[in-house]
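Chemist: Turn this into a structure:
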Amino acid sequence: MSDLIDGYEAAIAQIEHDAAFKDIEIVAHSAKRRGRSTVLTVTIDRQGGVDVGSCGRIASFINDALETVEEHYTLEVESAGLERPLLRPGDYERFAGKAARVVTTLTINGGKTHRGILRGVVGTNVVLDTPQGELPLPISTIKSANLEYDPRADLLRDKRERKNHG
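Modeler: Numbers count the residues shown, from 1 in each chain. Next up, the predicted model:
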């Protein structure tokens with residue numbers, strides 16, 4: 001492995017265990033060659049959302065850690081966003097009660113794309129509450145999963161709050 005990749009992986013590991021970054025979760029990270037350079041990407045999340053300052057702190061830390069590396073690289077630090085990916089079993093528990101979209105590698109109940117409210121993990125299954133009822137999806141069949149943001153829900157909540165306070 002190159003010094004760049006080794007240094008990058010070490011910096012990511014430090015962030016995950018550094019008390020100064022205890023409020024920040026590394027959702028995903030990658031390193032990909034693009035031409036003569038390497039693109040380093042870090043996706044982060046934090047309770048209450050990610051701001052530019054959080055991205056800046058992570059970028060500064062990684063750039064400082066890679067200061068002695070002479071290879072060319074581009075660093076991208078981004079928020080997991082409103083439709084954040086669900087990558088680990090713990091994510092399904094943490095976001096229980098939220099709307100999600102899960103794509104499976106096998107056809108289950110007539111489809112590969114499933115939408116519903118996350119109910120968490122039971123055994124080796126992620127459980128979605130769908131209009132047709134509870135749907136257990138084996139974790140081993142999940143190709144991708146993410147939260148689903150519904151702007152209409154925010155608009156309805158804002159409308160109710162204005163009505164109640166107005």
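
Chemist: What residues of the host helix or strand of Thr38 count as buried?
Modeler: For Thr38, the host element (DSSP states H and E) is strand 37-45. Buried residues in strand 37-45, counted by 16 or more other C-beta atoms under 10 Å: 38, 40, 42-45. Yep, even glycine has a C-beta here, placed from its N, CA and C like the rest.

Chemist: Contacts only, for the spatially closest residue to Val50 that is not a sequence neighbour.
Modeler: Excluding the flanking residues, the one nearest Val50 by C-beta to C-beta, 6 or more residues apart in numbering is Ser79, at 3.7 Å. Ser79 is in contact with 43-45, 49-50, 55, counting by C-beta atoms under 8 Å, 6 or more residues apart in numbering.

Chemist: ok, back up a step: so which other helices or strands are in contact with the strand holding Thr38?
Modeler: helix 3-17, strand 25-34, helix 52-65, strand 73-79 (3 or more C-beta pairs under 8 Å, 6 or more residues apart in numbering; DSSP states H and E).

Chemist: partners of that strand in the sheet?
Modeler: strand 25-34 (antiparallel), strand 73-79 (parallel) (DSSP bridges).

Chemist: Tell me what the residue nearest to Val50 is bridged to.
Modeler: Ile44.

Chemist: and it, how far is that from Glu71?
Modeler: 26 Å (C-beta to C-beta, to the nearest Å).

Chemist: so how many other residues sit close to Asn164?
Modeler: Asn164: 7 surrounding residues under other C-beta atoms under 10 Å.

Chemist: Enumerate every residue touching the closest residue to Ser2 other than its chain neighbours.
Modeler: Once flanking residues are discounted, Ser2 sits nearest to Glu71: 6.3 Å by C-beta to C-beta, 6+ apart. Residues near Glu71 by C-beta under 8 Å, 6+ apart: 2-4, 38.

Chemist: Cheers, nothing more for now.
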